[in-house]
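1. What follows is a predicted structure for the sequence shown.
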Amino acid sequence: MVVIDDQYNGWRNFILPIAHLDGLVMDAVLATTAFHYYSNFGETVYKPISHYVQAIHKLGQRRHLLAHDVGETQRVVLAILVLLVTIEVSGLSDFPIIFKLLQSALDACDSEDVLYVGEFGQFLRREIQKYMSSSAFVPNLLTSVRLRVCAAPFLSQSEGVKVSNSTTAQGFESLAYYLELHPKYRFSLSVYLDLGRQAQAIYLKRATAGPANLILIDQVEKFKDTLVSLGPSPLGHHVLLWAVFIVASESSKVEHQRFFYEILLSHSKRNGWANLSKALHYLRRIWSRASGESWTLLLPASCFFITT
């Protein structure tokens, strides 16, 4: 969940201690953990879905955020962020539902200042930006909110186009945080930014052009060459999953399809997340689809989600 696992890893430093103090956060953590265990080892005495349902139930009990203090609001938002990870780990098709819960929680805050207080608040801000831009505090999920580039294509093609048009220059802000912390990795992190923007441009071109009348083989080849320039398994390369998946979806040459499929398969074997298994199944489907179907229209119905 981070680009570089260091002493600033808030997923370890904040979430695990808070889970011991807050039952809602604990249920969200246990849901993620149990689903991950089940995906890798099969049947277990822990019932992943029970923790997931319990977390959703507890969120309903805390829906009146303005009646609580800032700390309570932060913990509710934190639990929703963990549940978004649960969706990726489990491959559940609930991403639009959990995303809407996050939007509702943000709408309940008077301002960003309420949520982003302290070091923990800044951690929340960075994680929320994986799904939404910094101006997320506006109502109406599918109309006025500016969704993050990696979330929007999984909700609808129209949202994917809108976000790609408006956030090309700011689509991957979270990498800037690590550029500041780890200047010695500036080359690879800068290439990651470039690859993300290349993938975003490819998505936008395909979504606006439709399935025909546009050949993007050269753009796919450029992305592949840029990726290869990093060498095998560079530090933090897991943050490229969204970009690799988008470009793989556009690939029409067998050699490109095989190349990107193997990358996603290696990550699937490494982390055991069910969303990657679904992504691989989706790719096989779109590569064999009828020529009149655009993969950007099929994506929202694919029932999985991938972040950077």
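-> That came in fine, so what should we check first?
2. for this protein, which helix is longest?
-> helix 186-209 (DSSP state H).
3. Can you list the neighbours in contact with that helix?
-> Contact with helix 186-209 is made by 3, 149, 153, 157, 160-161, 164-165, 168, 171-172, 175, 178-179, 182, 214, 216, 219-220, 222-223, 226-227, 229-230, 234-236, 239-240, 242-244, 246-247, 250, 294-296, 308, as judged by C-beta atoms under 8 Å, 6 or more residues apart in numbering. In this view, the C-beta of every residue, glycine as well, is placed from N, C-alpha and C.
4. just checking, which of the residues you listed belong to helices?
-> Counting by DSSP H, the contacts of helix 186-209 contribute 157, 160-161, 164-165, 175, 178-179, 219-220, 222-223, 226-227, 242-244, 246-247, 250, 295-296 to helices.
5. Quick check on the residues you listed: which are buried?
-> Buried by 16 or more other C-beta atoms under 10 Å: 157, 160-161, 164, 175, 178, 219-220, 223, 227, 242-244, 246-247, 250, 295-296, out of those.
6. Measure how buried the closest residue to residue 265 other than its chain neighbours is and give me the count.
-> Among residues not flanking residue 265 along the chain, residue 280 sits closest, at 6.3 Å (C-beta to C-beta, 6 or more residues apart in numbering). By other C-beta atoms under 10 Å, the residues close to residue 280 number 16.
7. what does residue 198 give?
-> The burial count for residue 198: 19, using other C-beta under 10 Å.
8. mind checking pLDDT for it?
-> Note for residue 198: predicted pLDDT of 94.
9. Repeat that for residue 273.
-> We note a pLDDT of 92 for residue 273 in this prediction.
10. Same question for residue 69.
-> 79.
11. And for it, the neighbour number?
-> 10.
12. any idea how far it lies from residue 34?
-> 30 Å (C-beta to C-beta, to the nearest Å).
13. Also residue 235?
-> 29 Å.
14. And these two? Which one has more around it.
-> Ranked by neighbour count (other C-beta under 10 Å), residue 235 and residue 34 place residue 34 first, with 22 against 13.
15. what sits against the nearest residue in space to that one that is not next to it in sequence?
-> Once flanking residues are discounted, residue 34 sits nearest to residue 48: 3.8 Å by C-beta to C-beta, 6+ apart. For residue 48, the contact set (C-beta under 8 Å, 6+ apart) comprises 31, 34-35, 37-38, 90.
16. Kindly report the same for residue 177.
-> Residues near residue 177 by C-beta under 8 Å, 6+ apart: residue 126.
17. just the one 4 residues further on next, same as before
-> Counting by C-beta under 8 Å, 6+ apart, residue 181 makes contact with 4, 6, 8.
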